[in-house]
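**Student:** Quick one, what's the 3D model for this:
(3 chains)
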Amino acid sequence: MTAREVAIFVHGELSGDEAVEILRVAKIEEAGPGDLTFLSNPKYEKHVGATRASAILVSTSFDSKRGSSREGLTFIKVLDPYVAFLRIMKRLTPMPDPFLKGIHATAVVPPSATIGNNVSLGAHVTVGEDAVVGDNTKIAPGCVIGNGVAIGENCLLYPNVSVYHGCRVGKSVIIHAGAVIGSDGFGFAPKPDGSYEKIPQMGIVVLEDDVEIGANCTIDRATLGQTLIKRGVKLDNLIQIAHNVVLGEDTVIAAQTGISGSTKVGKNVIIAGQVGIVGHIEIADKTVLMAKTGVSKSTEPGKTYWGSPAKDHARALKIEVITRSLPELAKDVEELKRSLEVLRNRLSETKS
Amino acid sequence: MTAREVAIFVHGELSGDEAVEILRVAKIEEAGPGDLTFLSNPKYEKHVGATRASAILVSTSFDSKRGSSREGLTFIKVLDPYVAFLRIMKRLTPMPDPFLKGIHATAVVPPSATIGNNVSLGAHVTVGEDAVVGDNTKIAPGCVIGNGVAIGENCLLYPNVSVYHGCRVGKSVIIHAGAVIGSDGFGFAPKPDGSYEKIPQMGIVVLEDDVEIGANCTIDRATLGQTLIKRGVKLDNLIQIAHNVVLGEDTVIAAQTGISGSTKVGKNVIIAGQVGIVGHIEIADKTVLMAKTGVSKSTEPGKTYWGSPAKDHARALKIEVITRSLPELAKDVEELKRSLEVLRNRLSETKS
Amino acid sequence: MTAREVAIFVHGELSGDEAVEILRVAKIEEAGPGDLTFLSNPKYEKHVGATRASAILVSTSFDSKRGSSREGLTFIKVLDPYVAFLRIMKRLTPMPDPFLKGIHATAVVPPSATIGNNVSLGAHVTVGEDAVVGDNTKIAPGCVIGNGVAIGENCLLYPNVSVYHGCRVGKSVIIHAGAVIGSDGFGFAPKPDGSYEKIPQMGIVVLEDDVEIGANCTIDRATLGQTLIKRGVKLDNLIQIAHNVVLGEDTVIAAQTGISGSTKVGKNVIIAGQVGIVGHIEIADKTVLMAKTGVSKSTEPGKTYWGSPAKDHARALKIEVITRSLPELAKDVEELKRSLEVLRNRLSETKS
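**Tutor:** Here you go, the predicted model:
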């Protein structure tokens, strides 16, 4: 592709030779003619004058008129040079497609299922009765698609994913290996003898468009209604989403976080790893939860929380500073008690 | 079913027309003739006078003689109206059975295995040599039942469950998708060169009757003997149970909790999410562990613990209150030091 | 085997009858002629005089000349009697092999794959295009080996493991059921509208020789290059290893720990359960991290850390002692304020 085509593909602004041919990608210090490189970390800026690359992706704030730049180097300015570089890399060096073309002879597809055009079903895939798989969706070996499940177009399901009966998956959804969609919510009613009766879990899970679910995540079906993961949500690995939870659009959650039943999480929320959130609360839009935070109360929009139990982040940092010097604080208090006693005695002497 | 049949099914006490026919379930504000509804949340009590339902499930403490009740409405009093409602809903609106009838052609069953009556084995199920599957048990696609495994009657195994060789599963056990029963305990002996030698894990896992195991849980086999999950235990998703752990009857554990090797957990214990328990201790009967608690010592019966490391719950709450105001406490101590110095100087002046 | 053969097998030092035949293993109080037993816990030492075992494994520090020892009992001194006992037990009581002999008829192996000698492929195994499986490696039912994956000799893969395309597994590696090797790293670039663009994950995962991966662990592929798990690393269950992480030789990690992207962990590190480590830091060789520790900064070699955020262990213990008595400390400060006020008033009276 030409530098111009690269610029269009990454929504970049080009200065230099827009016809130069880009054949490969390479690191700035290793690149040669025909290579595209990138500058992201300022400490590599010294290489800009010497790189033999044909073109370079730089940040929009980069001044390509600087004296250190090499004559004839084509610049393409983008918001994030590294991401743009990876996108071009992906285009120029096609990865081996992990999915099969077509439907493997060992895949089990009942007559009642509806399979779209250009669908890939790997070996030992099981599709349930009345299930629907949309056009161009690829399902890797070992996946189990339950009865009545509907999966949209352009989805990727990696190996050994389990989608329980009745759940619904939107378009362009990615589900990584071992994830479980639609297991029973954890609901039991205590009986007088101390044992528990299972509460029927009659709802489903809905994953909207552009959702990505990490490996070995578990998303429970609703007791009634839906556990709802809205458009654009991205989940890392080993995350637990309990029954009737709602995750708002473009919310991202890091690994090993757990969200308890019926909690509603807003839009554009950022949740770090190993966070725990109790049930029946609301996490407001644009809330940020730092790693390992334990949340037991609803949050305010746009605020950052840390600690277990969760506190305002700035406040939690102040508390942490004092906590680290608690042994000295305790000594100070002991010293104060002694000094006060001394003063009291001296005062008694003075008065007597 | 008639209102009388409903009352018998949910162990309720009926007042009103016991012959009225119940055909469906509905929310209190949407119900019509033929519908059963329920009142659980007091804020919906205003609808009791207006609901067009034929019958309503109410709590045993509800006074159906109140003026606000609609003429002709049949009341059924139960301990938990919501749970009773869900049970009737399940009976009246049969869910699509997620399991196959019979044994799928792709299921692998060796001649040495014993398969009971009315067993369901889904597509791509693998049953091991000498394994036993009890009557009416249903095993979903992709499950792997190891050599010599015994599974009792009336069990449900959801997709892609792995049960290692030799493990034993009781009656009416439910295992959710992706769970692993019987993986090796984490045991290694350090060698002089700093590397580790694997300690053979020769025991098994036993799941007693009425146990439910959540999605993607991992339960390790014992080094010797058994990792034992007793009758009625309910595990949520992504829980780790290490080798030689014992969980007592009717203990319930929420998601992402981990219990280390050889710890004995008593009966009717309640453990919240993301709790961690060290090895070789005893969690006494009816202990309650709050979310994210880290337990390093044995507990006392019936007590509630919180925090990491675990503390008596009431005490931990007191500590948390002080912790939240630590910056002010530290300021107070600084102020005290200054004031004391002032006093000391004044006293010196006085004395001199 | 003879006692001599036992001693050689466990690298022990024998005293007594080296020709005595060992047929079985048994507990010290239940053993009879032909049995090997062991003494590990000092409280069982009283049984040494009475045991009817033919030979006993004892620690190197044990004094077999003590009066309490039974006449004719053969002693074998080893570093760890329990581990030696388990090794002999494993040799004398062969466990049922959980793996199949040979390649099951339902295993899918494309012509482009290379399968070594004496390989076991269980039912419903899927091997990808151009994949390589080394000699004597055993792969249990339901495993999915992606396109271009290379697995070395003498490996054990338990049921339903997923290895993504292009990943590499060394020799004598054990991977437990449900583990996922090579899922996409969690990388997304925020777009101006608040939604996220997926960053292509073009690297792989490399597991070196003698690695063991626990059940339902997730190890993400690198964005570029490798996520690298070096020789001898042992991972417990449900552990999350993010993209581009490096784990050094002979590092061991307990269950439910998570390590974020690009963090480098050194050699012989010991990490307990439910630990969380942020991205882009270095955990130095021989670092020890206690359970539930949250690590946000690089560590020093050989030091032990505890708490969230992580602190030097001894320091953290001191802080914890003070924390537990915070309510009393706060009361002391209140008391000091009152006492100081009293003194101040008395001093004023004195001066006036």
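
**Student:** How about the longest helix along chain A and chain C, touching?
**Tutor:** When chain A is parsed with DSSP state H, its longest helix is helix A:326-351. Yes: on the criterion C-beta under 8 Å from any C-beta of the partner chain, helix A:326-351 is in touch with chain C at A:326-327, A:329-330, A:333, A:336-337, A:340, A:343-344, A:347, A:350-351. Every C-beta, even on glycine, is put in place using the N, C-alpha and C of the backbone.

**Student:** Report the rounded mean pLDDT for that helix.
**Tutor:** When pLDDT is averaged along helix A:326-351, the result is 91.

**Student:** For the stretch 101-250 of chain A, what lies in contact range of chain C?
**Tutor:** With C-beta under 8 Å from any C-beta as the criterion, the stretch 101-250 of chain A meets chain C at residues A:104, A:106, A:122-124, A:140-142, A:158-160, A:174, A:176-178, A:210, A:212, A:214-216, A:232, A:234, A:236-238, A:249-250.

**Student:** Give me the buried subset of these.
**Tutor:** The neighbour-count criterion (16 or more other C-beta atoms under 10 Å in any protein chain shown) marks A:104, A:106, A:122-124, A:140-142, A:158-160, A:174, A:176-178, A:210, A:212, A:214-216, A:232, A:234, A:236-238, A:249-250 among those as buried.

**Student:** Which residues are in contact with residue A:91?
**Tutor:** Contact analysis of residue A:91 by C-beta atoms under 8 Å, 6 or more residues apart in numbering or on different chains lists A:1, A:9.

**Student:** now do residue A:114
**Tutor:** Going by C-beta under 8 Å, 6+ apart, residue A:114 touches A:131-133.

**Student:** one more time with 7 Å, if that's ok
**Tutor:** Going by C-beta atoms under 7 Å, 6 or more residues apart in numbering or on different chains, residue A:114 touches residue A:132.

**Student:** what does residue A:57 give?
**Tutor:** Counting by C-beta under 7 Å, 6+ apart, residue A:57 touches A:12, A:36, A:38, A:76, A:78, A:81, A:84-85.

**Student:** picking up where we left off before, tell me which of the residues of the stretch 101-250 of chain A next to chain C fall in strands.
**Tutor:** Under the assignment DSSP state E, these contribute A:174, A:212, A:234 to strands.

**Student:** out of those residues, which one sits closest to chain C?
**Tutor:** Closest approach between these and chain C, by C-beta to the nearest C-beta: residue A:234, at 5.7 Å.

**Student:** ok, the closest one touching residue A:252?
**Tutor:** Yes: counting by C-beta atoms under 7 Å, residue A:234 touches residue A:252, with 4.6 Å between them.

**Student:** Could you look up the SS state of the residue nearest to residue A:69 when sequence neighbours are not counted?
**Tutor:** Leaving aside its sequence neighbours, residue A:69 sits nearest to residue A:48 (C-beta to C-beta, 6 or more residues apart in numbering or on different chains; 5.4 Å). Classification of residue A:48 using DSSP: H, G, I helix; E, B strand; the rest coil returns helix.

**Student:** who touches residue A:48 in this structure?
**Tutor:** By C-beta under 7 Å, 6+ apart, the contact set of residue A:48 is A:39, A:56, A:68-70.

**Student:** Filter the residues you listed down to the buried ones, ChimeraX style.
**Tutor:** Selecting only the buried entries of the contacts of residue A:48 in ChimeraX, with 16+ other C-beta under 10 Å as the criterion:
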select /A:39,56,69
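
**Student:** quick one: which of the contacts of residue A:48 sit in strands?
**Tutor:** Assignment to strands by DSSP E places the following of these there: residue A:56.

**Student:** From the contacts of residue A:48, which one has the minimum pLDDT?
**Tutor:** Of all the contacts of residue A:48, residue A:68 carries the smallest pLDDT score, 63.

**Student:** circling back: against chain B, which of the buried ones among the residues of the stretch 101-250 of chain A next to chain C make the cut? List them.
**Tutor:** Of the residues in these, proximity to chain B by C-beta under 7 Å from any C-beta of the partner chain holds for A:124, A:142, A:160, A:178, A:216, A:238.

**Student:** circling back to that earlier point, find residues that contact each of residue A:234 and residue A:252.
**Tutor:** Counting by C-beta under 7 Å, 6+ apart, the shared contacts of residue A:234 and residue A:252 are C:188, C:196.

**Student:** so where do the helices sit in the stretch 251-352 of chain A?
**Tutor:** A:313-324, A:326-351 (DSSP state H, counting those that start in this stretch).

**Student:** Just the residues contacting the shortest one, thanks.
**Tutor:** Translated: helix A:313-324. If you take C-beta under 7 Å, 6+ apart as the criterion, helix A:313-324 is touched by A:290, A:304-307, A:311, A:329, B:323, B:326-327, B:330, C:309, C:319.

**Student:** Let me have the ones next to chain B among the buried ones among the residues of the stretch 101-250 of chain A next to chain C in a markdown table, adding pLDDT as columns.
**Tutor:** Output for these, formatted as a markdown table (pLDDT from 0 to 100):
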| residue | pLDDT |
| --- | --- |
| A:124 | 98 |
| A:142 | 98 |
| A:160 | 98 |
| A:178 | 98 |
| A:216 | 98 |
| A:238 | 98 |
